[in-house]
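Enquirer: model the structure of this input:
(one chain, ligands or ions: 1)
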Amino acid sequence: MEMIDQITALQKEVESFKANGPQDLEAFRLRFVSRKGVLGELFEKLKQIPPAEKKAVGKALNDLKQSAEARFREMSEATAVEKKTTDDIDLTLPPVPNRIGNLHPLTLTRARIIKIFERLGFNVEEGPEIEDDWHNFSALNFPENHPAREMQDTFFISKNPDILLRTHTSNVQIRLLERTKPPVRAIMPGRVYRNEAISARAHCFFHQVEGLYIDRNVGFADLKQTLYHFAREMFGKDTKIRFRPSFFPFTEPSAEMDISCLICKGAGCPVCKRTGWVEIGGSGMVHPNVLRNCNVDPEEFTGFAFGMGIERITMLRYQINDLRLFSENDIRFLRQFQSVS
Ligand code: PHE
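Expert: The predicted structure follows:
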C-alpha cells in the first residue's frame, strides 16, 4: 500500500475511534500516540520516501499525529469526567432521608402549657436554680424546722448562709413579687431538684410550671376556673378536674389538683391506681404572710398560685411510664416525638 493511503486509512480510524473505558483509551495511546506505535514506524519510513513525495506525505503524517493527539486528549478528559461522577455518587442508590432533629417531649409540653396560659394573659417569668434559703423557703412561710428543709430533700450547696438547689419553682413567685407590683399574672417554668432515689416515678431533678395570679378580689373560684380551662385545653374537653384539701406553707387554703384519668376515662386502671384520677400538681390561695414578705398588702391584694409537674403532664399526654426516659438521651425514645406542640 502506498504510504499516503496508509495515512488516510489511519486518519479515518483515529476519527472514528470510540473509547469505551480506560482500557480502550490505553490501546489507542499505544497504537497512535506512543513513539513505539504505528506513527513511529511511519516516521521511520518517511526517511526512505523519494524527495518529490516527501513534502506531501510528511504533511499528511504530521496532520495524523496532531489529530491522534487531540483525539487522545479529548477522550481522556471525557473518561476522567465519567470516572469522577461515577466514583462520587451511585445514582442507583435509594436516597438517604434527610434527618432533622425534633424537640424533647418535655420541651413540647412546656411550650403547650405556655401557649394555653399566654392566651389567658399570663406572662412567662424565670428565676435561678441556685437559690438562697429566703426565696426557696423562708419568704414562702416555711417554719424554721419544716421537714422540707432537711438534708434528705434538699441539695445544699453551702450552709451558713444556706445556698441550695431550688426544690420547687415557687422561689420565682417571691423573685417576681420583689421586682413587680401587683396585679401580677405569670407562669414560671423551670427545673427543680430534690434529693430522692431515682426510680420510674421519682428523680433527683424534674420540671415544674408555677403559676401566680395576684390582683384585687381574686378568689378560689378564679383558681378553679383557670385550672379547669387549662385541663380541658391540655387534655381535651371531656377532662374533669377535682381538688383535694392539702397543705402548703405558702397557700391557705391549699388543694391538690387531680384530673380524670386519660387512659381509662375514670373507670380505674393501673396508671390511676384504680381511682380514676391522677394528680398533676398543688395549688391554693397565696398565704398573707407570703404577700407581706414581698411588701404586698394582703388587705388590698389576694391571689392564687399553683405548681404542676411537667414530667407528669408529659407522661399522661404520651403515655410514658418511666420518668428516667426523659433524661437518658436514648435517641430511639426521643425520635418518637414530632416537633409540634
Ligand atoms: N411548690 C409546690 C410543690 O412543689 C407546689 C405548689 C405551688 C403548691 C404553688 C401550691 C402553690 O409541691
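Enquirer: domain map for the chain?
Expert: Residue ranges for the domains of the chain, per automatic domain parsing: 2-88, 105-334.
Enquirer: lowest-confidence stretch among the ones you listed?
Expert: When the domains of the chain are ranked by mean pLDDT, domain 2-88 comes last with a mean of 87.
Enquirer: ok, back up a step: between the domains of the chain, which gets nearest to the ligand?
Expert: domain 105-334 (2.8 Å; C-beta to the nearest ligand atom). All C-beta atoms are positioned from the backbone trio N, CA, C, and that covers glycine.
Enquirer: which stretches of the protein form helices?
Expert: Counting by DSSP state H, the chain has helices at residues 3-16, 22-28, 38-46, 51-88, 105-118, 133-136, 171-179, 220-235, 288-293, 310-318, 331-334.
Enquirer: before we move on, back to that, just the domains of the chain: most buried one?
Expert: Of all these, domain 105-334 has the most neighbours on average by mean count of other C-beta atoms under 10 Å, namely a mean of 17.
Enquirer: any idea how far it is from the middle of the chain?
Expert: 25 Å (C-alpha atoms, centre = their mean, to the nearest Å).
Enquirer: same deal with stretch 28-46?
Expert: On C-alpha atoms, centre = their mean, the centre of stretch 28-46 falls 67 Å from the chain's centre.
Enquirer: quick one: contacts of it?
Expert: Identification of contacts with stretch 28-46 by C-beta atoms under 8 Å, 6 or more residues apart in numbering yields 3, 6-7, 10, 14, 17, 19, 54, 57-58, 61, 64-65, 68-69, 71-72, 75.
Enquirer: thinking again about what came up before, adding distance to R99, write the domains of the chain out as CSV.
Expert: Shown next, in CSV, are the domains of the chain (distance: least, C-beta to C-beta, whole Å):
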stretch, distance to R99
domain 2-88, 21
domain 105-334, 10
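Enquirer: which residue packs closest to L177, ignoring adjacent ones?
Expert: Excluding the flanking residues, the one nearest L177 by C-beta to C-beta, 6 or more residues apart in numbering is C294, at 3.6 Å.
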